[in-house]
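Asks: could you look at this predicted model? Sequence included:
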Amino acid sequence: MKSRKRKWIAVFCSMIVLLISIITGLTVYFSRNQDEITIENSQYPREGDTLFDATGKGNVAPEDCYLIQDRETGIAPHVFPGDSYVGIKRSEKLVIMTNEIDGESYTRARREYEYLDAVFYDLGTGKETRKIDMLDIMKEACPGFQESDAPSIVLGEDGHKYIGLELANIPEKADDEVINKMLFYDIETGDTFTKDSEEEWREFLRAGYEKKDKEYGMAMEEVDWEWDKLLKKEEEEYITPGVHVVVLEARGCVEVRIDCSLLPEKNDILYNRFPNLKEYNELEGKVACIYIGGYPTADEIKAMFCENADSGGELETLQTD
């Protein structure tokens, strides 16, 4: 009788140990698979906002143009200089999943889109000329994938213009492996293709650049612009004017992104080239994205942004070596 009792006690203890093991295993399993979920709604532009305030063209190089945006809500524009501005309109819900597993933190986000459109605007008139449903294109060409970075505007080696979308696999859990690829959409033909490795798509992004463009770009990167000396204005809460080379049209084109309040009051060089730009030089909270084509030199660019520069090149506040 005692032997049978001891046997039942041993069985009972074994069941307790097994039950504890199962509970522990389930606890570990669910702690690994139960992500913390945060929901965020995102829309750009927001209700009542616009992608830009004004556009215009210059009269020297074919690429000359400008775009006026809100400093707070505007994003770096996608522009084919002298031709069109491509605005990305989107509305989505972000399902953000976070978890900590074995001391490692994981975060992935799933995008649940309402719409994702590429909208083209004529830089001369500011009017919409075309709209492309990038959501449908992405779903058809790359099912199971979503955007992972801002779109790119690309000139291919074939001379065609492309929209490039950097994609990642749609996650189910915070610790899902990230798989990336790049989707390219030919604006002219409607064809699509993908590049699976970053090396491949970076090579394609550079393929349309001619040797002259690359050399020009490298030279411009070495320029000391000295904007504080050039503008001769008190440093306030302004975007620091920046200059970088735009080679989408395979011609040297420089973008100057500058707060409108920092535009010169008088500068014949700038305002003769961009006649309607002067009306924006006193706007607060606005940014001018100015595209200057024709491989301009550093001194030619600097001369456009100092006070009292005339078309004869006399610069009152600018000293260059």
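Replies: The structure has been received and is ready for your questions. Everything quoted here is computed from the prediction, not taken from an experiment.
Asks: quick one: low-confidence ranges for the stretch 1-150 of the chain?
Replies: Residues of the stretch 1-150 of the chain that meet the criterion pLDDT under 70 lie in 1-33, 74, 76.
Asks: likewise the stretch 151-300 of the chain?
Replies: 228, 232-251.
Asks: for the nearest residue to F274 once chain neighbours are set aside, grab the count of nearby residues.
Replies: Leaving out its chain neighbours, the residue that sits closest to F274 by CB to CB, 6 or more residues apart in numbering is G58, at 4.7 Å. C-beta: built from backbone N, CA, C; applies to glycine. Residues near G58, counting by other CB atoms under 10 Å, number 23.
Asks: for N281, same thing?
Replies: Quick note: N281 (other CB under 10 Å) scores 18 neighbours.
Asks: for the one 3 residues further on, same thing?
Replies: A total of 9 residues lie near E284 under the criterion other CB under 10 Å.
Asks: and what of E47?
Replies: If we define neighbours as other CB under 10 Å, then E47 has 6 of them.
Asks: run the chain-centre distance for stretch 271-286.
Replies: 25 Å (CA atoms, centre = their mean, to the nearest Å).
Asks: in it, what counts as buried?
Replies: Under the neighbour-count criterion of 16 or more other CB atoms under 10 Å, stretch 271-286 has Y271, R273, F274, L277, Y280, N281, L283, K286 buried.
Asks: again, but for stretch 86-103
Replies: By neighbour count on 16+ other CB under 10 Å, the buried set for stretch 86-103 is V86, G87, I88, R90, E92, V95, M97, N99.
Asks: what of stretch 287-297?
Replies: V287, A288, C289, I290, Y291, I292, G293, Y295, P296.
Asks: okay, and which of these map to helices?
Replies: Members of these lying in helices (criterion: DSSP state H): none.
Asks: now those residues as TSV including distance to A207?
Replies: Output for those, formatted as TSV (distance: CB to CB, whole Å):
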residue	distance to A207
V287	31
A288	31
C289	25
I290	27
Y291	22
I292	24
G293	21
Y295	20
P296	25
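Asks: farthest pair in those residues?
Replies: V287 and Y295 (24.4 Å; CB to CB).
Asks: mind listing the strands the helix or strand encompassing Y66 pairs with, and their directions?
Replies: Using DSSP states H and E, Y66 sits within strand 65-70. Partner strands and pairing direction for strand 65-70 (DSSP bridges) are strand 54-57 (antiparallel), strand 286-293 (antiparallel).
Asks: in its sheet, what does whichever helix or strand comes after it sit against?
Replies: From strand 65-70 onward toward the C-terminus, using DSSP H and E, the following helix or strand is strand 78-80. Paired strands of strand 78-80, with direction, are strand 84-101 (antiparallel) (DSSP bridges).
Asks: helix or strand right after the strand it pairs with?
Replies: Using DSSP H and E, the helix or strand that follows strand 84-101 in sequence is strand 104-122.
Asks: what about the helices in the stretch 101-250 of the chain?
Replies: Remark: helices assigned in the stretch 101-250 of the chain by DSSP state H, counting those that start in this stretch are 134-141, 198-207, 211-221, 227-231.
Asks: so which of those gets nearest E114?
Replies: Using CB to CB, the nearest of the helices of the stretch 101-250 of the chain to E114 is helix 134-141, at 8.8 Å.
Asks: mind listing what's buried along that closest one?
Replies: Of the residues in helix 134-141, M134, L135, I137, M138, A141 count as buried by neighbour count, 16+ other CB under 10 Å.
Asks: who's in contact with P151?
Replies: For P151, the contact set (CB atoms under 8 Å, 6 or more residues apart in numbering) comprises H78, I88, A118, M134, I163, G164, L165, E166.
Asks: out of the residues you listed, what pair is the most spread apart?
Replies: A118 and E166 (14.5 Å).
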